[in-house]
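K.L.:
Sequence isn't available, so here's the structure alone:
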């Protein structure tokens, strides 16, 4: 018996080892490792939530005007409009909330997408969401002269939804439905086409480029409640769909044939999870612009703590992705005074070295 | 080892299919037909490359007849009498443009196919794993921060691509190389590349927001990849590089096929896994780097060429991928240079804007119409 089967299911392990009576070396070791991981996961998750809370606190307190934490607490508990510090804290609430929402959505969507496409390079963008949103925003600016963020949202969301639907439909044509390879290829190909169309507009219209380049970097700053609230129902629905699909993703990870053998309706479950992914990252992109890094990298980073079990990967991603986004936003506020570096940029610049470090010390079995 | 066993190892899926049917006659016939089909269609791609190459020289907004073309080239080589106007347009514009397009297309297509085959992932093209991003970031820094243009930008792009490739390689090696799943070093290479690509992409986007809008527009054209600055000097660096790299890739093609069976099997068949892998990485990176330096990161050619070639010829093939790359670039440039200005009031699009728009629908169509299981 190989060590992998021992790790894969506890029940089977017992039935196989019972006739033998004795346990062999490597198997014992694997079991101990699994047990150790199981014991540590809740503690790690708690730590992740603490990190997230610290990031939230920092996001309210740090900025061009630094505010002590007691004052932040005061402002939240009993708000006094006359106090300047309280006003600053209140002004920082929307971007903190947006960081939480967008970060969580992208983290969840990324983890689920890697499970659906069974490809470690699949980020939510592979469903065409970012490209669709970007093309729609460019079209909105170029054709209809849209200028404000509130205008961009609906274009972005519509573009994301249409692109993702097309990708999924294209991938599900043919005999086997949406297989991971077809999904990845269809998504990447549509991305290529959409970005090309977008660049046709950008190259020929300098005005459009001038406005678009600021949306493109992705940021949580400058959005008020009227921008955030319309996104909430979509985010909630998507999060519900994806968070409930941990078991499904675990089964899908075994491969289509095995999943089918275990009684899973592969096409249906893949479609449902994909819908959740599109809702989540479509609205996140609409709210904050395309933030490419989080959805791709956070699930990989998370696997170093959780192992391959999606029931743990999903909540960990939900906690750590917004922590990184908020942390990056905070650093971006103070990095290059008097200006701010947008969160979408700082996320990648801070996250990449951490990710590379994790990749280097990992055991290479994370894919 | 008998020949059939060897073939069984090299072509596992076909042999499994053969065992299932267990009939000698039709199976042999099918195999022969497949071989013939793949062979013919590769030649078909080659013919398409030649036709597009000739078309982009002779046709377009300035047409040249075939005898005129040879007169011009002959006059240029022997220093004879030149045809006013036509000589300049052909020798300084059309010919170098077509040659740079052909060479970069070959290089991008081959580089992408090498990465995709070696890393066993259709998404692992140089655009995805950071090589192009290294070139882009370096070139945009040169354009935006130092106000560079022309050959300096190319040199910066080449250096950037090579530096990032070295960085990714250093990160992915060392540590626990003998992972239980075989391709651990390859996986780390991809992941490290993706992380670095994200950071460099962010740097590029940030510089674009900080730059003056004119500079940003100029940088955008470079970022899309353009054949406008194609000159004989570029060919002078591109051609020798390809003369070294193409034979190298051809030599590595056979060990690469064995490597596809998994590291252990390949080692068992006498492949020096570490050395071959290093050689493949170096070749693929160098191909992408020189092509990017010559024409900018012409988007998606490296990514699209492999899958398209595979569906056209019915099997993964390096020469077919390289030819497909050349077809995409030449066709896209013909469209961008000669047809797009008619539609867009004279705007000459950078070739990279058209490659995706041309290649992507074709790949999607191939995906939608193919009903094979591995499609």
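P.N.:
Here it is on my side, so go on. Just so it is clear, the model here is predicted, and its values are computed rather than measured.
K.L.:
low-scoring stretches of the stretch 1-150 of chain A, by residue?
P.N.:
By pLDDT under 70, the low-scoring segments of the stretch 1-150 of chain A are A:1-39, A:121.
K.L.:
Repeat the analysis, applying 80 as the threshold.
P.N.:
Applying pLDDT under 80 to the stretch 1-150 of chain A flags the ranges A:1-41, A:63-66, A:69, A:77-84, A:117-127, A:146-150.
K.L.:
For the stretch 201-350 of chain B, which residues are neighbours of chain A?
P.N.:
Proximity of the stretch 201-350 of chain B to chain A is confined to B:201-203, B:205-206, B:208-209, B:213-214, B:216-217, B:220-221, B:224, B:299-300, B:303-304, B:307, B:344, B:347, B:349-350 under the rule C-beta under 8 Å from any C-beta of the partner chain. Yep, even glycine has a C-beta here, placed from its N, CA and C like the rest.
K.L.:
list the contacts for residue A:62?
P.N.:
A:330, A:333, A:334 (C-beta atoms under 8 Å, 6 or more residues apart in numbering or on different chains).
K.L.:
Going through the residues of the stretch 201-350 of chain B next to chain A, which ones are buried?
P.N.:
Taking 16 or more other C-beta atoms under 10 Å in any protein chain shown as the criterion, what is buried in those is B:201-203, B:205-206, B:208-209, B:216-217, B:220-221, B:224, B:299-300, B:303-304, B:307, B:349-350.
K.L.:
Of those residues, which belong to helices?
P.N.:
Under the assignment DSSP state H, these contribute B:201-203, B:205-206, B:208-209, B:216-217, B:220-221, B:224, B:303-304, B:307 to helices.
K.L.:
Report the buried residues of the helix or strand hosting residue B:245.
P.N.:
Using DSSP states H and E, residue B:245 maps to helix B:232-259. Neighbour counts using 16+ other C-beta under 10 Å place B:234-235, B:237-238, B:241-242, B:245-246, B:249, B:252, B:255-259 of helix B:232-259 among the buried residues.
K.L.:
Check stretch A:144-161 too.
P.N.:
For stretch A:144-161, the buried set under the neighbour-count rule, 16+ other C-beta under 10 Å, comprises A:146, A:149, A:152, A:153, A:155, A:156, A:157, A:158, A:159, A:160, A:161.
K.L.:
How much space separates the fourth one from chain B?
P.N.:
If I follow you right, that is residue A:153. Shown here: residue A:153 relative to chain B, a distance of 20 Å by C-beta to the nearest C-beta, to the nearest Å.
K.L.:
same check, this time on the second one
P.N.:
In this view, residue A:149 and chain B are 16 Å apart by C-beta to the nearest C-beta.
K.L.:
nearest residue to that residue other than its sequence neighbours?
P.N.:
residue A:227 (5.7 Å; C-beta to C-beta, 6 or more residues apart in numbering or on different chains).
K.L.:
neighbours of residue B:85, just the number please.
P.N.:
9 (other C-beta atoms under 10 Å in any protein chain shown).
K.L.:
just residue A:241 next, same as before
P.N.:
20.
K.L.:
Looking at the stretch 201-350 of chain B, what residue ends up closest to chain A?
P.N.:
The stretch 201-350 of chain B approaches chain A most closely through residue B:202 (3.6 Å), counting by C-beta to the nearest C-beta.
K.L.:
just checking, that residue touches residue A:345?
P.N.:
Yes. If you go by C-beta atoms under 8 Å, residue B:202 and residue A:345 touch, sitting 4.3 Å apart.
K.L.:
Report the closest residue of the stretch 1-150 of chain B relative to chain A.
P.N.:
For the stretch 1-150 of chain B, C-beta to the nearest C-beta, closest residue to chain A: residue B:123, 4.3 Å.
K.L.:
ok, back up a step: packing partners for the helix holding residue B:245?
P.N.:
Using 3 or more C-beta pairs under 8 Å, 6 or more residues apart in numbering or on different chains; DSSP states H and E, the elements in contact with helix B:232-259 are helix B:95-118, helix B:263-268, helix B:273-295, helix B:318-334.
K.L.:
With distance to residue A:265, mean neighbour count and mean pLDDT added, can I get those in CSV?
P.N.:
Below are the helices and strands packed on helix B:232-259 laid out as CSV (distance: least, C-beta to C-beta, whole Å; neighbours: other C-beta atoms under 10 Å in any protein chain shown; pLDDT from 0 to 100):
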stretch, distance to residue A:265, mean neighbour count, mean pLDDT
helix B:95-118, 31, 27, 90
helix B:263-268, 35, 15, 80
helix B:273-295, 40, 23, 86
helix B:318-334, 37, 28, 90
